[in-house]
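[1] coords please:
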Amino acid sequence: IGRKDRLWRNLSKMQARFGKREFGFFPRSFILPQDIKLLRKAWDDGGSKQKWIVKPPASARGIGIQVIHKWSQMPRKRPLLVQKYLHKPYLISGNKFDLRIYVYVTSYDPLRVYIFNDGL
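    Numbers count the residues shown, from 1 in each chain. Okay, here's the model as predicted:
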């Protein structure tokens, strides 16, 4: 799950299996270069005032992330994850945030789960 592209592929498979009601919590994403045609269609369907966030699949701490608003700014040759930019994200006290939650499942029956509290 450390790579953004593989995480999205796995979430997408889970959404296909269990539906958007259970797995509709993540934005539609495109993995470049293989999804470039699907991205172009979504781009064209979205109008001219949209923004997209472009992320290297294996980087951390915001390195290499860019927000673009013109198709000509879209890198096409290297692996990337592209998502529609959220204009009104959920904020806490006016600030963006992230949760880094680590969960360790030791048993499914009976269910035994441990949560590392430092990420909360």
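[2] avg pLDDT for the helix ranked longest in the chain?
    Determined from DSSP state H, the single longest helix within the chain is helix 4-18. For helix 4-18, mean pLDDT is 87.
[3] in the chain, which spans are strands?
    Remark: strands assigned in the chain by DSSP state E are 29-32, 52-55, 66-68, 80-84, 102-108, 111-116.
[4] neighbours of Arg3, just the number please.
    By other CB atoms under 10 Å, 14 other residues sit near Arg3. Quick note: C-beta positions are derived from backbone N, CA and C, even for glycine.
[5] and what of Gln73?
    11.
[6] Could you pull up the contacting residues of it?
    Contact partners of Gln73, counting by CB atoms under 8 Å, 6 or more residues apart in numbering, are Gln66.
[7] ok, 10 Å please
    Going by CB atoms under 10 Å, 6 or more residues apart in numbering, Gln73 touches Trp52, Val54, Gln66, Val67.
[8] of all those residues, which two lie farthest apart?
    Trp52 and Gln66 (9.2 Å; CB to CB).
[9] List the residues that are in contact with both of these two.
    Joint contacts of Trp52 and Gln66 (CB under 10 Å, 6+ apart) are Gln73, Met74.
[10] picking up where we left off before, nearest to Phe23 among the contacts of Gln73?
    Scanning these for proximity to Phe23, where the rule is CB to CB, the winner is Trp52, at 21.7 Å.
[11] Give me the distance between that closest one and Leu38.
    Trp52 is 13 Å from Leu38, where distance means CB to CB, to the nearest Å.
[12] which residues do the two both contact?
    Phe30.
[13] If you count surrounding residues, which of the two has more?
    Trp52 (21 against 12).
[14] so who does the more buried one touch?
    Contacts of Trp52 (CB under 10 Å, 6+ apart): 30, 39, 42-43, 46, 66-71, 73-74, 82-85.
[15] which residues does it bridge with?
    Partner residues in beta bridges with Trp52, using DSSP bridges, are Ile68, Lys84.
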